[in-house]
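Trainee: Next comes the sequence, and after it the predicted model I'd like to discuss.
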Amino acid sequence: MTSTEDINSARALYLSGDLAAAKQAYDNALASGGSLELCNLGLGLIAMDRQQVDEALRHLTIAAQPDDSIEAKIALSLALTKADRFEEALSVLEKSAALFPNESALWRLKGKTELKCARRTEALDSFLKAQALTPQDTNILNDLGVTCRALKRYAEAESYYRQAISLNPSLPVAHANLGNVLELQGRGDEAEQALRTALKLNPKDQDAAYNLATLLIKRERPQEAGPVLEILLTTHPDRWDALTNLAVCKLHVGDLKGAETDLNRALKMNPDNTEAHYNLAWLLLLTGRFQRGWEELEWRWNLDEFSKRAFDMPAWTGDSLNGRTVLVHAEQGFGDTIQFSRFLSDIPKDGGQVILECQPPLVNLLKDLPGLDAIVPAGTTLPAADLHTPLLSLPRLLHYNGARTPASAGYLAAPSQRSASLTLADTGKRRIGLVWAGSPDNKIEGRRKVDIESFLSLFDSTDADFVALQVGPRSKDVIAFPEQRIIFQCEDKVRTFADTAAVIDQLDLVIGVDTSVIHLSAALGKPTWILLPFMPDYRWGLGRETTAWYDSMRLFRQPDRGDWRPVFSQICQALRSW
């Protein structure tokens with residue numbers, strides 16, 4: 001048999017899957033003077049199939065030497081990628097693309113490798129070149145969508161996915177990716193439909209199942225997300241991320257024991273599972289296990305939604321300042337800053353100083369807090385300090401155990417003087433402030449959302465005057481209320497939280513959902529009634545009508561998920577005897 005026949009025989013054996021016989025045939029061909037390029041290409045491909053990456057690289061490096069060896073060059077780049085040598089793989093592809101500019105597969109592989117190197121703009125250019133050569137290739141259209149999504153060009157990504165689907169309606173990956181990019185654009189209904197279509201086309205698509213469940217959780221439908229994740233975990237029990245989200249589903253429907261079990265299992269699978277640590281912190285704090293809960297909460301800094309800042313000074317460890325200055329920096333929403341600012345007075349100073357950096361609208365409200373030496377608005381030049389700490393790390397550093405403290409009676413004060421524009425009319429009636437919505441960007445907004453019509457029953461339960469404390473887009477909902485009963489609206493009148501405090505100071509009661517205004521009211525010591533969803537934020541605990549955080553607060557809880565009717569019935573009854 002000639003060397004050429006040996007090579008052809010080896011190729012046929014390789015394609016049939018008989019790797020051992022194919023390797024022997026290629027070795028024979030090589031020994032009898034067969035093509036160095038073709039024999040090493042074949043041996044390299046066999047080594048790749050056997051997961052022998054180093055041997056594959058040895059053979060493919062030889063095979064790829066000639067300029068016309070496009071198959072060998074592609075195989076070499078794939079082997080380099082397999083070895084995580086992405087930059088070298090890209091170098092091979094760049095040279096190959098210059099030699100073979102009309103090879104669509106080469107441009108596509110170049111784009112994929114550029115994505116692995118985080119060169120997204122270059123990848124987009126490579127995929128566009130591939131698409132120009134093969135405009136009907138749905139896989140390349142999908143690649144273009146993936147790249148545009150990575151570049152946060154979501155509308156373009158959507159367009160490419162839809163083009164792929166129009167050419168091949170049965171392409172599951174395009175439907176799945178379309179669902180993901182629609183969700184990023186806030187189009188939940190369309191996203192859900194696309195993900196369900198992807199799963200119908202390919203029920204084994206574990207990523208589509210996981211993403212659908214994640215979307216359902218975000219849409220406050222954990223009872224639907226749970227079964228999707230349970231099915232996924234039957235076939236992929238090692239998916240710690242799916243187990244983590246299943247725990248979240250259980251937490252949201254009140255299965256706390258099941259949630260904790262799943263979170264601990266997920267952490268055994270992956271001890272660095274940030275989402276599991278963060279949700280475990282939530283569960284521990286919710287159930288009153290504060291010490292470990294505050295420790296677990298420190299994992300928040302590994303989440304994308306939190307951004308840990310770099311400082312030249314070291315972090316404070318909770319010891320006495322002993323003449324040093326600590327910079328405490330607010331890190332989350334207005335309500336968190338108001339609630340946790342109480343701990344500033346507990347920092348052991350011993351001749352040291354405490355500086356607070358916080359959101360500008362809070363500066364005038366918090367500037368006179370006990371224990372505070374200076375306050376600076378975020379975004380301005382920071383004063384010199386020796387140490388720093390995030391505000392929400394103070395409970396951990398100060399070993400707060402969830403008990404009532406002197407601050408629970410109220411630790412903020414309204415301005416001693418207020419402008420005429422913030423002075424309420426005196427009709428001789430008691431006054432109730434209402435706040436019915438929080439920030440739409442808050443992840444708990446779906447749970448705490450209440451239809452404005454639900455508040456109408458309050459007006460029939462008491463003869464008091466009402467004040468609309470709501471500001472922002474939802475302030476327009478006040479139009480649903482009896483106009484003659486609303487004596488003041490904060491929208492367009494208050495500029496800072498000190499202004500809001502001046503208004504609240506004139507009220508007899510504040511009623512509302514879990515928002516920064518509710519925290520402000522209770523921190524002022526004002527009687528405050530809060531409406532809590534079935535599974536509340538971790539700070540409110542479970543079952544009780546009172547909280548150690550605020551003496552003046554009364555908690556009204558949903559008995560069932562999503563049902564606010566019993567809550568308003570209780571509030572109306574309380575108003576009648578108020």
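Mentor: Happy to help now that I have it. Residues are numbered from 1 along each chain as shown.
Trainee: what's around the closest residue to Q206 other than its chain neighbours, how many residues?
Mentor: In space, not counting the residues next to it along the chain, Q206 is nearest to H236; the distance is 5.3 Å by CB to CB, 6 or more residues apart in numbering. Yep, even glycine has a C-beta here, placed from its N, CA and C like the rest. When neighbours are counted by other CB atoms under 10 Å, H236 registers 14.
Trainee: Residues contacting the element among helices and strands of the chain having the smallest mean pLDDT, please?
Mentor: The helix or strand of the chain with the lowest confidence, counting by mean pLDDT, DSSP states H and E, is helix 445-448 at a mean of 76. Applying CB atoms under 8 Å, 6 or more residues apart in numbering, the set of residues contacting helix 445-448 from outside is 218-220, 252, 437-439, 513-514, 531-535.
Trainee: One more pass at 6 Å, please.
Mentor: With CB atoms under 6 Å, 6 or more residues apart in numbering as the test, helix 445-448 has contacts from 220, 438, 513-514, 533.
Trainee: now it, how far from the centre of its chain.
Mentor: Helix 445-448 sits 16 Å away from the centroid of its parent chain (CA atoms, centre = their mean, to the nearest Å).
Trainee: after that helix comes which helix or strand?
Mentor: helix 456-459 (DSSP states H and E).
Trainee: Identify each buried residue in that next one, please.
Mentor: By neighbour count on 16 or more other CB atoms under 10 Å, the buried set for helix 456-459 is 458-459.
Trainee: Could you pull up the mean pLDDT of that helix?
Mentor: The pLDDT scores in helix 456-459 average 96.
Trainee: can you give me how far the next helix-or-strand element following it is from the chain middle?
Mentor: Next in sequence after helix 456-459, counting helices and strands by DSSP H and E, comes strand 465-468. Taking CA atoms, centre = their mean, one finds strand 465-468 lying 36 Å from the centre of the chain it belongs to.
Trainee: Sheet partners, orientation included, of the next helix or strand after strand 465-468?
Mentor: Downstream of strand 465-468, the first helix or strand assigned by DSSP H and E is strand 486-489. Its sheet considered, strand 486-489 pairs with strand 465-468 (parallel) by DSSP bridges.
Trainee: Taking the centroid of the protein, which residue is nearest it?
Mentor: Closest to where the C-alpha atoms of the chain average out (CA atoms, centre = their mean) is E305, at 5.2 Å.
Trainee: helix or strand for that one, which one?
Mentor: Using DSSP H and E, E305 falls outside every helix and strand.
Trainee: buried ones in stretch 25-41?
Mentor: 25-30, 34-35, 37-41.
Trainee: Quick one: residues in contact with it.
Mentor: 3, 6-7, 9-10, 13, 42-43, 59, 62-63, 66, 69, 72.
Trainee: again, 8 Å this time
Mentor: Outside of stretch 25-41, the residues within contact range by CB under 8 Å, 6+ apart are 2-4, 6-7, 9-10, 13, 42-43, 46, 59-60, 62-63, 65-66, 69, 71-72, 75.
Trainee: what does stretch 490-498 give?
Mentor: Contacts for stretch 490-498 (CB under 8 Å, 6+ apart): 334, 338, 361-365, 414-415, 421-422, 467-472, 475, 478, 499-500, 503, 516, 520.
Trainee: chain center to that stretch, what's the gap?
Mentor: Going by CA atoms, centre = their mean, where stretch 490-498 is centred and where its chain is centred differ by 30 Å.
Trainee: tell me which residues in it are buried?
Mentor: 490, 494, 496-498.
Trainee: Could you point out which of these is nearest to A276?
Mentor: Nearest to A276 among these is F497, at 34.8 Å by CB to CB.
Trainee: Now do that closest one against L178, distance only.
Mentor: As judged by CB to CB, to the nearest Å, F497 and L178 stand 42 Å apart.
Trainee: which regions of the stretch 201-350 of the chain sit below the pLDDT cut-off?
Mentor: Across the stretch 201-350 of the chain, nothing is flagged by pLDDT under 70.
Trainee: Which residues lie in contact with T4 in this structure?
Mentor: G34.
Trainee: List the buried residues of the least confident helix or strand of the chain.
Mentor: For helix 445-448, the neighbour count (16+ other CB under 10 Å) marks 445, 447-448 as buried.
Trainee: ok, of the residues you listed, which one's closest to K257?
Mentor: Closest to K257, out of all of the buried residues of helix 445-448 and judged by CB to CB, is R447, at 20.7 Å.
Trainee: related to what we said a few turns ago, give the PyMOL command for selecting the buried subset of the contacts of stretch 25-41.
Mentor: Here is the PyMOL command that selects the buried residues among the contacts of stretch 25-41 (16+ other CB under 10 Å):
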select buried, resi 3+6+7+9+10+13+42+43+46+59+60+62+63+69+72+75
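Trainee: Give me the number of neighbouring residues for the closest residue to N180 other than its chain neighbours.
Mentor: Sequence neighbours aside, N211 is the residue nearest to N180 in space, at 5.9 Å (criterion: CB to CB, 6+ apart). By other CB under 10 Å, the residues close to N211 number 22.
Trainee: so which helix or strand takes in N211?
Mentor: N211 belongs to helix 206-218, assigned by DSSP H and E.
Trainee: other SSEs contacting that helix?
Mentor: Identification of packing neighbours for helix 206-218 by 3 or more CB pairs under 8 Å, 6 or more residues apart in numbering; DSSP states H and E yields helix 172-184, helix 188-201, helix 222-235, helix 240-252.
Trainee: Could you check the angle the first one makes with helix 188-201?
Mentor: Compare the direction of helix 172-184 with that of helix 188-201 by axes from the mean of the first three to the mean of the last three CA atoms, to 10 degrees and you get 160 degrees.
Trainee: helices and strands around helix 172-184, which ones?
Mentor: helix 138-150, helix 154-167, helix 188-201, helix 206-218.
Trainee: how about that helix: buried residues?
Mentor: 172-183.
Trainee: mind saving the C-alpha coords of that helix as PDB?
Mentor: Presented in PDB, the C-alpha positions along helix 172-184 are these (Å, rounded to 0.1, in the frame of the first residue of the first chain):
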ATOM      1  CA  PRO A 172     -33.700  26.700  19.900                       C
ATOM      2  CA  VAL A 173     -30.500  28.700  20.800                       C
ATOM      3  CA  ALA A 174     -31.800  31.800  18.900                       C
ATOM      4  CA  HIS A 175     -35.100  31.700  20.800                       C
ATOM      5  CA  ALA A 176     -33.300  31.300  24.100                       C
ATOM      6  CA  ASN A 177     -30.900  34.100  23.400                       C
ATOM      7  CA  LEU A 178     -33.800  36.300  22.200                       C
ATOM      8  CA  GLY A 179     -35.500  35.700  25.500                       C
ATOM      9  CA  ASN A 180     -32.400  36.800  27.500                       C
ATOM     10  CA  VAL A 181     -32.000  40.000  25.500                       C
ATOM     11  CA  LEU A 182     -35.700  40.800  25.700                       C
ATOM     12  CA  GLU A 183     -35.500  40.400  29.500                       C
ATOM     13  CA  LEU A 184     -32.600  42.800  29.600                       C
END
